[in-house]
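Student: What would the 3D arrangement of this be:
(one chain, ligands or ions: 1)
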Amino acid sequence: MKEISITSSFNIYNNLEELPIDIQDLMRQAIEVRKNAYAPYSQFRVGAALLLDNGKIVIGSNQENAAYPSGLCAERVAIYHAGSVYPEAKILKIAITAASDTNQTTAPIPPCGSCRQSIAEYEIKQDTPIEIYFMGEIGEVYKSASLKNLLPFMFDKKFL
Ligand code: THU
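Tutor: All right, here's what the predicted structure looks like:
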């Protein structure tokens, strides 16, 4: 028997204002689109903004459904839209923010497992790391230099 260990590292910014100016702009777009979340069931609003290598910014917010599993997370709304409109573009950076209508989220809110798997697909396809920044409504912003930090041991096409 042997043991392996996998480490993940993140950068932590104290607040939005501490981010590089281009990321602040990306995060502000995520905050703006968060308001368009359709979240009558969870009252939990998530916004995502993607910067592509063609300079375009693609945004998305979570869209819920009375049949709960039919809803979709903000991150996947945005990345599938980007894949549909700009199929050749690489995703360079993703900014994510989440806020509850019922309490203030101060902890950085990471993407869920399904979104990590979806982002992984694009990172592998484009063979370029995707920087991921995530925060709550206020407070610290975490930066991951690649999706791999968030999803070690990822399942991908090489196993098929
Ligand atoms: N949600 C996202 O949009 N992204 C995530 O990564 C986690 C969860 C949404 C789904 C649902 O509409 C609400 O947040 C509560 O789970």
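
Student: contacts, neighbours, all on C-alpha from now
Tutor: Will do.

Student: what's near enough to touch the residue lying closest to Lys93 once chain neighbours are set aside?
Tutor: Nearest residue to Lys93, sequence neighbours excluded (Cα to Cα, 6 or more residues apart in numbering): Glu131, at 4.6 Å. The neighbours of Glu131, taking Cα atoms under 8 Å, 6 or more residues apart in numbering as the test, are Leu92, Lys93, Ile94, Lys143, Ser144, Ala145, Ser146, Leu147.

Student: right, and the helix or strand after whichever helix or strand Ile59 is part of?
Tutor: Element membership for Ile59 (DSSP states H and E) is strand 57-61. For strand 57-61, the following helix or strand on the C-terminal side (DSSP H and E) is helix 74-85.

Student: what does that following helix contact?
Tutor: Contacts for helix 74-85 (Cα under 8 Å, 6+ apart): 37, 46-50, 58-63, 89, 96, 111, 115, 118-119.

Student: what pLDDT does the residue lying farthest from the centre of the chain get?
Tutor: Relative to the C-alpha centroid of the chain, counting by Cα atoms, centre = their mean, Met1 is the outermost residue, at 36.5 Å. Note on Met1: pLDDT of 97.

Student: before we move on, back to that, if you average pLDDT over the strand holding Ile59, what comes out?
Tutor: 98.

Student: How about the residues of the chain by the ligand?
Tutor: Within the chain, the positions lying close to the ligand (Cα under 6 Å from any ligand atom) are 39, 42, 44, 46, 62-64, 73-75, 111-112, 115.

Student: Go again with 8 Å.
Tutor: 37-39, 41-47, 61-64, 71-76, 98, 109-115 (Cα under 8 Å from any ligand atom).

Student: Of the residues you listed, grab the buried ones for ChimeraX.
Tutor: Selection of the buried residues among the residues of the chain next to the ligand in ChimeraX, burial being defined by 16 or more other Cα atoms under 10 Å:
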select :37,38,39,44,45,46,47,61,62,63,64,72,73,74,75,76,98,109,110,111,115
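
Student: For the protein, just list every one of the strands.
Tutor: Assigned by DSSP state E, the chain shows strands spanning 11-13, 44-52, 57-61, 91-100, 131-135, 141-144.

Student: between those strands, which gets nearest to Phe159?
Tutor: strand 91-100 (23.4 Å; Cα to Cα).

Student: helices and strands around the closest one, which ones?
Tutor: Strand 91-100 is packed against helix 21-34, strand 44-52, strand 131-135, with contacts defined by 3 or more Cα pairs under 8 Å, 6 or more residues apart in numbering; DSSP states H and E.

Student: Nice, that's everything, thank you.
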